[in-house]
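Enquirer: sequence below, structure please.
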Amino acid sequence: MGLNVRKTYRIGKNTRINFSKGGGIGFSTGFKGFRISKNRYGLRLTIGRKGVYYTKWFTKKKKVKKVKKLGKTNKEEQKLIDPEVDFERVPTDDEKALYLYLGSKERNYLLSFLLIVLLLSGIYCFVKPDFLSYLISGVVSLILLYYLFFTKLHRFIFCLNRSIKLFTKNDFDKSYALLQNCLLIKPQNIKVLILLIFTTFKLEKYEEALSHIDTYKKIEKPLEVMYFIEGFACTELGKYVEGIDAIEEIYSEEDDIKYAKYKLLGDCYLGLNKIDMAINWYEELPVNTNEMNEDLLEYKYALGKALYIKGHKKRAFNYLAKVYDYQVDYKDVKELMYNL
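Expert: Take a look at the predicted model:
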């Protein structure tokens with residue numbers, strides 16, 4: 001019988017370090033509706049709310065090597081996994097960008113260089129205390145002070161690194177303010193735009209999130225998660241046609257992402273008063289299971305409400321009754337059940 005040992009230690013309010021036999025040492029950080037986890041198997045991102053969540057694994061990929069067996073023809077070549085290169089890290093473009101969010105701080109090479117020069121000039125003053133050594137040390141000190149207090153580059157790097165730290169501590173308002181300062185200095189910096197897209201989404205500043213996504217599109221091809229944020233934001237703002245266009249750019253076939261697509265598409269068509277199409281998308285969700293959780297609650301309510309609007313009262317009752325039994329005060333389900 002296999003034995004699986006798992007232990008979790010909480011660091012701060014929303015960050016945990018996990019120890020397990022299978023996954024090794026890993027960590028997860030975030031909050032409800034926005035969480036990133038990492039262990040030996042890879043990186044996982046979860047983002048969303050209201051029963052719509054984008055969840056994706058960025059796993060380690062196996063590097064495959066062709067090996068020719070003795071006595072075999074070229075047609076009989078087989079692909080074999082070389083143990084020495086098995087599980088070599090091959091990060092995707094999405095994963096590289098997400099590592100920027102995860103806390104990859106901007107390196108201040110110029111500051112490091114100036115500090116090293118100042119240290120060397122101080123040593124020179126100690127070894128050879130003359131006018132020239134003091135002059136060099138003084139000039140370097142003045143250059144360092146000017147760089148720290150008057151240059152935009154240092155202010156940009158300081159604000160960016162500070163905003164990353166504040167975001168990981170869930171201090172989103174202060175992080176947002178610092179990122180705004182960064183944007184004034186470098187309006188098309190990729191790392192700043194990625195962080196602002198996530199921050200404004202969390203703060204429910206949907207119009208601004210869409211603006212930053214548009215700016216990002218002019219520089220680079222958007223990440224899949226950005227299309228999800230764009231579709232979600234457009235749906236919340238009532239921009240249903242734009243929401244559908246964004247959602248249709250989500251290409252993953254993983255179940256969680258597919259369900260997020262179906263739910264958002266259903267919401268958009270419901271907003272456009274195309275009830276039949278909304279029902280068709282809601283029916284693609286796992287609504288016929290007897291199980292119940294917060295996500296299934298949202299799915300069944302959405303389908304039941306759409307069926308109610310269409311006039312299919314019997315079918316609507318079947319779904320809304322399950323919602324009512326699970327959570328009697330969920331949205332307007334009590335009123336809908338009374339009318340039915």
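Enquirer: output whichever strand or helix holds Leu166 as PDB, nothing but the C-alphas.
Expert: In the assignment (DSSP states H and E), Leu166 maps to helix 152-168. Presented in PDB, the C-alpha positions along helix 152-168 are these (Å, rounded to 0.1, in the frame of the first residue of the first chain):
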ATOM      1  CA  LYS A 152      13.700  58.200 -13.800                       C
ATOM      2  CA  LEU A 153      15.300  54.800 -14.300                       C
ATOM      3  CA  HIS A 154      15.900  54.300 -10.500                       C
ATOM      4  CA  ARG A 155      12.400  55.400  -9.700                       C
ATOM      5  CA  PHE A 156      10.900  53.100 -12.300                       C
ATOM      6  CA  ILE A 157      12.800  50.000 -11.000                       C
ATOM      7  CA  PHE A 158      12.100  50.900  -7.300                       C
ATOM      8  CA  CYS A 159       8.300  51.400  -8.000                       C
ATOM      9  CA  LEU A 160       8.100  48.200 -10.100                       C
ATOM     10  CA  ASN A 161       9.800  46.000  -7.500                       C
ATOM     11  CA  ARG A 162       7.800  47.500  -4.700                       C
ATOM     12  CA  SER A 163       4.600  47.000  -6.500                       C
ATOM     13  CA  ILE A 164       5.400  43.300  -7.000                       C
ATOM     14  CA  LYS A 165       6.000  42.800  -3.300                       C
ATOM     15  CA  LEU A 166       2.800  44.600  -2.400                       C
ATOM     16  CA  PHE A 167       0.800  42.600  -4.800                       C
ATOM     17  CA  THR A 168       2.000  39.300  -3.300                       C
END
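Enquirer: check what contacts it and list those residues.
Expert: 15, 29, 103-106, 108, 110-111, 147-148, 172, 174-176, 178-179, 181-182, 185-186, 189, 191-192, 195, 198-199 (C-beta atoms under 8 Å, 6 or more residues apart in numbering). All C-beta spots, glycine's among them, are computed from the backbone N, C-alpha and C.
Enquirer: just the buried ones from those?
Expert: Buried by 16 or more other C-beta atoms under 10 Å: 29, 106, 108, 111, 172, 175-176, 178-179, 181-182, 189, 191-192, 195, 198-199, out of these.
Enquirer: quick one: which of those residues sit in helices?
Expert: Judged by DSSP state H, these include 111, 172, 175-176, 178-179, 181-182, 191-192, 195, 198-199 as members of helices.
Enquirer: please produce JSON lines containing the residues you listed, extended by pLDDT.
Expert: Formatted as JSON lines, the entries for those read as follows, by pLDDT from 0 to 100:
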{"residue": "Leu111", "pLDDT": "89"}
{"residue": "Phe172", "pLDDT": "84"}
{"residue": "Ser175", "pLDDT": "91"}
{"residue": "Tyr176", "pLDDT": "94"}
{"residue": "Leu178", "pLDDT": "95"}
{"residue": "Leu179", "pLDDT": "94"}
{"residue": "Asn181", "pLDDT": "94"}
{"residue": "Cys182", "pLDDT": "94"}
{"residue": "Lys191", "pLDDT": "87"}
{"residue": "Val192", "pLDDT": "90"}
{"residue": "Leu195", "pLDDT": "87"}
{"residue": "Phe198", "pLDDT": "86"}
{"residue": "Thr199", "pLDDT": "89"}
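Enquirer: just curious, which of those is nearest to Thr215?
Expert: Distances from Thr215 to these, taken as C-beta to C-beta, are shortest for Val192 (10.0 Å).
Enquirer: for Glu254, see how far away that closest one is.
Expert: Distance of Val192 to Glu254, given as C-beta to C-beta, to the nearest Å: 29 Å.
Enquirer: cool, Tyr109 as well?
Expert: From Tyr109 to Glu254 the distance is 39 Å (C-beta to C-beta).
Enquirer: more neighbours: these two, which one.
Expert: Each of Tyr109 and Glu254 has its neighbours counted (other C-beta atoms under 10 Å); Glu254 has more, 12 against 9.
Enquirer: please report how far the residue in the chain sticking out farthest from the centre lies from Gly138.
Expert: Checked against the mean C-alpha position of the chain, the extreme residue using C-alpha atoms, centre = their mean is Asp130, at a distance of 56.7 Å. Spatial separation of Asp130 from Gly138 under the definition C-beta to C-beta is 13 Å.
Enquirer: Phe317 too?
Expert: If you go by C-beta to C-beta, the gap between Phe317 and Gly138 works out to 84 Å.
Enquirer: more neighbours: those two, which one.
Expert: For Phe317 and Gly138, the more surrounded residue by other C-beta under 10 Å is Phe317, and the numbers stand at 17 against 12.
Enquirer: pretty sure Met226 is touching Thr215, no?
Expert: No: using C-beta atoms under 8 Å, Met226 is not in contact with Thr215, being 11.2 Å away.
Enquirer: have a look at those two and say which one is more surrounded.
Expert: When Met226 and Thr215 are compared on other C-beta under 10 Å, the one with more neighbours turns out to be Met226, at 25 against 15.
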